[in-house]
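Engineer: Requesting a structural model of the entry that follows:
(one chain, ligands or ions: 1)
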Amino acid sequence: MTHGSGPLDRDACLALDAQDPLAWVREEFELPAGTIYLDGNSLGPLPSAAPARVQEVVTQEWGAGLIRSWNDAGWFDKPRTIGDRIAPLIGASAGTVVVGDTTSVNLFKALVAALRMRPERDVIVSEAGNFPTDLYMIQGASELIGGYEQRLIGDSGPELVDVLDERVAVVVLSQVDYRTGRMHAMAEVTRQAHDVGALVIWDLCHSAGALPLSREDCEAAFAIGCTYKYLNGGPGAPAFVHVASRHQGVARQPLTGWHGHQDPFAFTPDYKPAEGISHFIISTPPVLSYAPLESSLDIWEKVSLDQVRTKSLALSGLFIDLVDAWLGDHVEVVTPREAGQRGSQVSLRHPQGYAVVQALIEAGVIGDFRAPDLMRFGFTPLYLGHTEVHDAVATLRRILGEGTWEDQRFHERAKVT
Ligand SMILES: Cc1ncc(COP(=O)(O)O)c(C=O)c1O
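Structural biologist: Modelled structure (predicted):
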């Protein structure tokens, strides 16, 4: 994003925003005036159509339709129909994704299913810096089934190639690191794991809606992810699980609820797994929670992920350039500067990062903080422009320059950071 000897100035940002092919999408979201929202990597904003869709589901489908809506409004099939709408966003085919439960629960299902496919192996590989729930679910599943060694890569530990061998059953990785924004080359890593006969589960929480994924990336593996970040499905929105076609029928998940049965309404006493991806559904789907996600997917169906990626890299590149130019003495950029190696966020290290983020939020720029010292900023091209990125860094410069963050009120830790 540099031009000449420095980063873009505000007028150049305004000019870029005026030509932005995605500028119209901003109108599809409700964003409070006077706020620059750089936390869509944690919780996406409200799609403008969502309140009416929620109202429709509540008053018409539930209120008027009552029990009939399980059939008439397609409630029963929502895990699959919404899964088919998410599939193209993660490089998956129709019939390989279902939506329901949480990311953690979906990871548990995929992990136990994958471990059962490699009964003779006793190692699970993950990354020391992986999102904690992933590590905790690995530990819980290992404890339950028993006898698994956990090998962790990264964080100055070994590389993947150093830990892969014939004992590895499953590799569980987040494609984009939640703290640093660093991105794995998904297809290549999957191939490396498959070469030793291991299976791969990708956590796509920071990828879905952030960047395009190809069939090559996703089709060979298991994947899980949430819909409340870049997919803008709302707080606690249901998560997705993808199971490659070639694993379906073989992969047996452990939470054998009635909606994953071949014929739930036969009410027979013995569990028989449903064909295909339906076996990964557990129970009664969260109908009300799908409603905002459906409004968001209506928007996603009108935009090109390639355009989203191009703009995302332009915005994050501009942010890094401005930080380098204005704030080099105050903060350290921990996200890869190489565009191909980062997702859609940039993280800055500052020893008092929590207080700095609180001061920024009070000044109208919303980012977040991850212990011990990282300030995270998400770049979401559907509703952010270059000028806002420029103004956000200018605000950060002011706060760091004036030492605003030193005020005691910015140091009191809330439960959610
Ligand atoms: C990479 C990653 N995995 C999982 C989760 C959360 O899982 P859950 O939706 O089960 O709370 C997060 C939440 O931020 C995440 O960043």
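
Engineer: Can you name the residues of the stretch 201-350 of the chain sitting close to the ligand?
Structural biologist: 203, 205-206, 226, 239 (C-beta under 6 Å from any ligand atom). (Glycine included, C-beta is placed from N, CA and C.)

Engineer: Kindly recompute the last result at 8 Å.
Structural biologist: Contact residues, the stretch 201-350 of the chain versus the ligand (C-beta under 8 Å from any ligand atom): 203, 205-206, 224-226, 228-229, 239.

Engineer: Turn these into CSV, columns for neighbour count, secondary structure and pLDDT.
Structural biologist: CSV is the format used below for those (neighbours: other C-beta atoms under 10 Å; DSSP: H, G, I helix; E, B strand; the rest coil; pLDDT from 0 to 100):
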residue, neighbour count, secondary structure, pLDDT
Asp203, 26, strand, 98
Cys205, 26, coil, 98
His206, 27, coil, 98
Ile224, 32, strand, 98
Gly225, 28, strand, 98
Cys226, 23, coil, 98
Tyr228, 23, coil, 98
Lys229, 26, coil, 98
Ala239, 24, coil, 98
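
Engineer: Sort out which one of the residues you listed lies nearest Asp165 for me.
Structural biologist: Asp203 (22.8 Å; C-beta to C-beta).

Engineer: measure that closest one to Thr81 for me?
Structural biologist: Look at Asp203 and Thr81: by C-beta to C-beta, to the nearest Å, they are 24 Å apart.

Engineer: next one: Ala33
Structural biologist: According to C-beta to C-beta, Ala33 stands 36 Å off from Thr81.

Engineer: between those two, which one's more packed in?
Structural biologist: The neighbour comparison of Ala33 against Thr81 (other C-beta atoms under 10 Å) goes to Thr81, with 16 against 5.

Engineer: And Arg151, which helix or strand is it part of?
Structural biologist: According to DSSP states H and E, Arg151 maps onto strand 149-153.

Engineer: ok, is that strand in contact with the ligand or not?
Structural biologist: No. Strand 149-153 does not reach the ligand (C-beta under 8 Å from any ligand atom); its nearest approach is 15.4 Å.

Engineer: For that strand, C-alpha coordinates in CSV please.
Structural biologist: What follows is strand 149-153, C-alpha atoms only, in CSV (Å, rounded to 0.1, in the frame of the first residue of the first chain):
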residue,chain,number,x,y,z
GLU,A,149,0.5,-38.4,23.3
GLN,A,150,0.1,-34.7,22.3
ARG,A,151,2.9,-33.1,20.2
LEU,A,152,2.8,-29.4,19.9
ILE,A,153,4.5,-27.5,17.1
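
Engineer: Residue ranges of each domain in the chain, please.
Structural biologist: What automatic domain parsing lists as the domains of the chain is 10-30+304-411, 51-300.

Engineer: quick one: contacts of stretch 382-397?
Structural biologist: Stretch 382-397 is contacted by residues 8-10, 12-14, 16-17, 20, 22-23, 25-26, 28-29, 31, 36-38, 40, 45, 232, 299, 303, 308, 314-315, 318-319, 322-323, 326-327, 356, 360, 363-365, 377, 379 when judged by C-beta atoms under 8 Å, 6 or more residues apart in numbering.

Engineer: ok now the longest helix along the chain, how far from the chain's centre?
Structural biologist: Secondary structure of the chain read by DSSP state H shows that its longest helix is helix 305-327. Averaging C-alpha positions (C-alpha atoms, centre = their mean, to the nearest Å) puts helix 305-327 19 Å from its chain's average.

Engineer: Show the subsequent helix or strand relative to it.
Structural biologist: Using DSSP H and E, the next helix or strand after helix 305-327 towards the C-terminus is strand 332-333.

Engineer: Just checking: what are the partner strands of that following strand?
Structural biologist: strand 345-349 (antiparallel) (DSSP bridges).

Engineer: Taking helix 305-327 as reference, get the angle to the partner strand.
Structural biologist: Using axes from the mean of the first three to the mean of the last three C-alpha atoms, to 10 degrees, the direction of strand 345-349 lies 20 degrees away from that of helix 305-327.

Engineer: Any buried residues in strand 345-349, and which?
Structural biologist: Buried residues in strand 345-349, counting neighbours by 16 or more other C-beta atoms under 10 Å, are found at 345-348.

Engineer: Tell me the one of the residues you listed nearest the ligand?
Structural biologist: Gln345 (10.6 Å; C-beta to the nearest ligand atom).

Engineer: So that closest one is in contact with Thr335, correct?
Structural biologist: Yes. With contact defined as C-beta atoms under 8 Å, Gln345 reaches Thr335; the gap is 6.9 Å.

Engineer: residues shared between the contacts of the two?
Structural biologist: Going by C-beta under 8 Å, 6+ apart, residues that sit against Gln345 and also against Thr335 are 181, 316.

Engineer: follow-up on the earlier one: could the domains of the chain be laid out in a markdown table, adding distance to Thr417?
Structural biologist: Converted to a markdown table, the domains of the chain look like this (distance: least, C-beta to C-beta, whole Å):
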| stretch | distance to Thr417 |
| --- | --- |
| domain 10-30+304-411 | 5 |
| domain 51-300 | 12 |
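
Engineer: Let me see the ranges of the helices in the chain.
Structural biologist: Under DSSP H, the chain gives helices at 10-18, 50-55, 69-72, 78-86, 103-117, 132-145, 160-163, 186-195, 215-218, 287-300, 305-327, 353-362, 386-402.
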